[in-house]
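>>> What shape does this take:
(chains A and B)
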Amino acid sequence: MKRRYFLSALGAAFAVMAAQFAGTLQGPAEAADQFIIVQSTTSTQNSGLLDYILPKFTEKSGIEVRVVAVGTGQAIKNAANGDGDVLLVHAKPAEEKFVANGDGVKRFDLMYNDFVIVGPESDPAGIVGSSDVVNALKKIAAAKAPFASRGDDSGTHKKEKALWKEAGIDPAAASGAWYRETGSGMGATLNAAVGMDAYTLTDRATWISFKNKASFEIAVQGDDKLFNQYGVILVNPKKHENVKAEAGQAFIDWLLSEEGQALIASYKVDGQQLFFPNAEKM
Amino acid sequence: MQDFSGEFFDAFKLVAALDPTLLEVVGLSLRVSLCAVVIAAMVGLPLGAFLAVARFPGRGAAVILLNSLMGLPPVVVGLAVYLMLSNAGPLGVLQLLYTPGAMIIAQALLVTPIVAALTRQTVEDMRGEYAEYLATLGTGPFAMVATLLVDARYSLLTALLAGFGRAIAEVGAVIIVGGNINHVTRVMTTTIALETSKGNLAMAMGLGMVLIAIAVSINAVLMSLRSAATNAAYG
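Predicted coordinates:
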């Protein structure tokens, strides 16, 4: 008889689990059309910007915004599979290609900040204080000083590759030696750079809000070539039928509106503004 | 180095204060992983017992395959499930991507081979002891599978715990199919990954300790249930 108790207890546990599972499956379906999915980059999330502005949009519109924060390359691929309603990334050429392929409706400038090169206090390449990024990269290569690259086809990685090209250096030849591709997100790459005293290229927003700086500081900044433009695009509902075009467009309109732009400008970490809105006036 | 101890203990303060966000994350972790283990049990227990009892050509290969699948890389399972559930994939119509349902599916795929392989071994060992007895009774294969599963139930608990351990600890699959969306698909492991990428290493480590503490409590509860049940049955 005792065995029966054990089995029925087990059966009851299974029944509860099954109900839980059913509930789990239903949960999101009930909320259908009440939320949109935004494919975005780690910098907008890790810096805390999205956590700061999204609740205000949700409060006003009743639309919940679910953010998938990955590298720009992966975000664009996910959106091109129709797995998202809005794309918010920072690699203008790739974004324009996304629109040209028919995956996106139209690209809007949203905001900008800039990239910086950060590095160890010891500054083995002697570039601290420089505002000429191409020259700084040449010095890093000449000194064979460790450099940590994202190596993940993200917006930051695309920018870095373009800068190396301008410097006339093919760092891939030194891959595994002084040029180290982490294949990871910005935060993980910063952790790795700090761990091995390597220079790395990062967007300023992620750097300011990053907590594991150790003795690292900004080495190169202020070059026009380090400009970092963010764009926002509605995924094309004509190509991807599941796109919630109306809610997605409402979100984009709000981001580009005076209210959204002012909110972006008001986000500060340690008293520093992280993103500078630059949408065209509508 | 940052002030490690302060933030490290912040994680425990969140637990002590029953921080609602942390509770939500812990709750979702448990819900997803337990559901995955239940599904894995429903498939893996009968499958493992069947493999232990049945004799058919290619059985040896099936056992080797099953044992190897215990080492499925979570990131590969996550990618495969993503490709299936993506709007560009065959099961896109289900609209499960970036929901807890997708995370349960991915973890169930990871855990099922573990449960099935360990069940196969346990039941096969037991079958050796029972073979003659069951043969004299003229028990059919289905009744034999059921009898062996019931008699091995306490040993099989360990198989389920191994599966649960795998599910609650993995990050590679759930971060791809769940997307680590705040308040929707964020679980313990993806939170730890996020805090690490923000450079909040101490907070991440503290959350890791919380995760381990939860795993220990669950194991302790199940083990005490098991010994209580054993005492009740034989004591």
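>>> and the residue in chain A that chain B sits nearest to, how many neighbours?
Using Cβ to the nearest Cβ, the single residue of chain A nearest to chain B is A:G187, 2.8 Å away. Quick note: C-beta positions are derived from backbone N, CA and C, even for glycine. A:G187: 26 surrounding residues under other Cβ atoms under 10 Å in any protein chain shown.
>>> residue contacts, it?
A:T42, A:N46, A:T206, A:F210, B:T196, B:S197, B:K198, B:G199 (Cβ atoms under 8 Å, 6 or more residues apart in numbering or on different chains).
>>> do that again at 6 Å, thanks
Listed by Cβ atoms under 6 Å, 6 or more residues apart in numbering or on different chains, the contact set of A:G187 reads A:N46, B:S197, B:K198.
>>> List the buried residues for the helix or strand harbouring it?
Secondary structure from DSSP states H and E places A:G187 in helix A:186-195. Within helix A:186-195, the residues scored as buried using 16 or more other Cβ atoms under 10 Å in any protein chain shown are A:M186, A:G187, A:A188, A:T189, A:L190, A:N191, A:A193, A:V194.
>>> what's the answer for stretch B:142-155, then?
B:M144, B:V145, B:T147, B:L148, B:L149, B:A152, B:R153, B:S155.
>>> with these in mind, which one is nearest to chain A?
Ranked by distance to chain A (Cβ to the nearest Cβ), the buried residues of stretch B:142-155 are led by B:R153 at 7.3 Å.
>>> what about that closest one, distance to A:N191?
45 Å (Cβ to Cβ, to the nearest Å).
>>> Over to B:D151?
In terms of Cβ to Cβ, B:D151 sits 50 Å off from A:N191.
>>> likewise B:P57?
Counting by Cβ to Cβ, the gap from B:P57 to A:N191 is 52 Å.
>>> what residue is smack in the middle of the chain?
Reading this off chain A. A:T41 (1.6 Å; Cα atoms, centre = their mean).
>>> was after chain B, sorry
Central residue of chain B (Cα atoms, centre = their mean): B:F164, at 3.0 Å.
>>> Skipping adjacent residues, who's closest to that residue in space?
Spatially, and ignoring its direct neighbours in sequence, B:F164 is nearest to B:V37 (4.8 Å; Cβ to Cβ, 6 or more residues apart in numbering or on different chains).
>>> and the one you found, what does it touch?
Contact analysis of B:V37 by Cβ under 6 Å, 6+ apart lists B:V111, B:L160, B:G163, B:F164.
>>> Name the residues that touch the strand or helix carrying B:L156?
Using DSSP H and E, B:L156 falls within helix B:153-169. Residues outside helix B:153-169 that contact it (Cβ under 6 Å, 6+ apart) are B:33, B:36-37, B:40-41, B:107, B:111, B:114-115, B:118-119, B:122, B:226.
>>> try it again with 8 Å
By Cβ under 8 Å, 6+ apart, the residues outside helix B:153-169 that reach it are A:6, A:10, B:29-30, B:32-34, B:36-37, B:40-41, B:44-45, B:48, B:107, B:110-112, B:114-115, B:118-119, B:122, B:126, B:149, B:188-189, B:211, B:214-215, B:218-219, B:222, B:226, B:229-230.
>>> Quick check: next helix or strand after that helix?
Downstream of helix B:153-169, the first helix or strand assigned by DSSP H and E is helix B:172-178.
>>> could you check whether the helix or strand just after that following helix is close to chain A?
Using DSSP H and E, the helix or strand that follows helix B:172-178 towards the C-terminus is helix B:188-197. Yes: counting by Cβ under 8 Å from any Cβ of the partner chain, chain A is contacted by helix B:188-197 at B:L194, B:T196, B:S197.
>>> Report the separation between the closest residue to the last one other than its chain neighbours and A:V118.
Counting by Cβ to Cβ, 6+ apart, A:G187 is the residue found nearest to B:S197 once chain neighbours are left out, at 2.8 Å. Taken as Cβ to Cβ, the spacing of A:G187 relative to A:V118 amounts to 13 Å.
>>> How far does stretch B:68-84 sit from its chain's centre?
14 Å (Cα atoms, centre = their mean, to the nearest Å).
>>> typo on my end, stretch A:223-230
Remark: stretch A:223-230 is offset 16 Å from the chain centroid, using Cα atoms, centre = their mean.
>>> how long is it end to end?
With Cα to Cα, to the nearest Å as the measure, the ends of stretch A:223-230 fall 18 Å from one another.
>>> Helix, strand, or coil at A:V68?
strand (DSSP: H, G, I helix; E, B strand; the rest coil).
>>> what bridges to it?
For A:V68, the beta-bridge partners are A:Q39 (DSSP bridges).
>>> give me every residue that touches the closest residue to chain A within chain B.
As assessed by Cβ to the nearest Cβ, chain A sits closest to B:S197 within chain B, at 2.8 Å. The contact partners of B:S197, taken as Cβ under 8 Å, 6+ apart, are A:T42, A:N46, A:G185, A:M186, A:G187, A:A188, A:N191.
>>> Give the residue spans of chain A that score low on pLDDT.
Low-confidence segments of chain A, defined by pLDDT under 70: A:1-33, A:282.
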